[in-house]
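> Got a sequence here, can you build the structure:
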Amino acid sequence: MDLSSPQIPCRVVRPGPDYVGKQALTYAPAVSAESVGSKGLHMQLVTLPPGARAKAHLHEAHETALHVLSGVAGMWYGERLEQHLWSRAGDFVYIPAGMPHLPYNASRTETCTAVIARTDPNEQESVVLLPELDGLRPAEGDVMA
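As a prediction, this is how the structure comes out:
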């Protein structure tokens, strides 16, 4: 360990003010380059109100992991969003770097909340929107009764 280099102190971070990201979801930033000077990690909360749907996107060169705290979410993923998965409270989800995906809240009544961790320390830096994929999955098929 190089003791001559400045050390970033340990910190308790409370979620910052909510913002709507490029993907059209609501985030509460926490650990990031912006908040604590993180060099390789970013964590935040994402909240999907009933029926919410993100824009199709990917994160270039960065992996993403989520832990679903409440609710049920669906996610279309793959080169043409041809694959699908469900995640519920208590589940963990892994998204490889560069994987196109389109998450959504499958409920008409419950909010879905998750903790996101990403290997990109910047809150929105690696988001690449994929508008050409948005219409591949009609929104009305995303919501459970």
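> Could I get the full set of strands for the chain?
Secondary structure of the chain (DSSP state E): strands at 19-20, 26-31, 42-48, 57-59, 64-70, 72-77, 83-88, 92-95, 101-105, 112-118, 127-129.
> Quickly list what the residue most central in space within the chain is bridged to.
Residue closest to the mean C-alpha point of the chain, counted by C-alpha atoms, centre = their mean, is Ile116 at 5.3 Å. Under DSSP bridges, the beta-bridge partners of Ile116 are Gln44, Leu66.
> Which pLDDT value belongs to it?
The confidence metric pLDDT takes the value 96 at Ile116.
> Tell me which residues touch it, please.
Tyr27, His42, Met43, Gln44, Leu45, Val46, Thr64, Ala65, Leu66 (C-beta atoms under 8 Å, 6 or more residues apart in numbering). C-betas here are computed from N, CA, C, even on glycine.
> Now do the same contact list for the second one.
The one in question is His42. Val31, Ser32, Ala33, Ile116, Ala117, Arg118, Thr119, Asp120, Pro121, Asn122, Glu123.
> Quick check: which ranges of the protein have low pLDDT?
The chain contains residues with pLDDT under 70 at 1-6, 138-145.
> So Glu34 sits against Asp120, correct?
No. Glu34 is beyond contact range of Asp120, at 11.8 Å (criterion: C-beta atoms under 8 Å).
> and the strands of the chain as CSV, adding distance to Arg11?
Below are the strands of the chain laid out as CSV (distance: least, C-beta to C-beta, whole Å):
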stretch, distance to Arg11
strand 19-20, 20
strand 26-31, 8
strand 42-48, 12
strand 57-59, 24
strand 64-70, 20
strand 72-77, 29
strand 83-88, 29
strand 92-95, 24
strand 101-105, 29
strand 112-118, 16
strand 127-129, 25
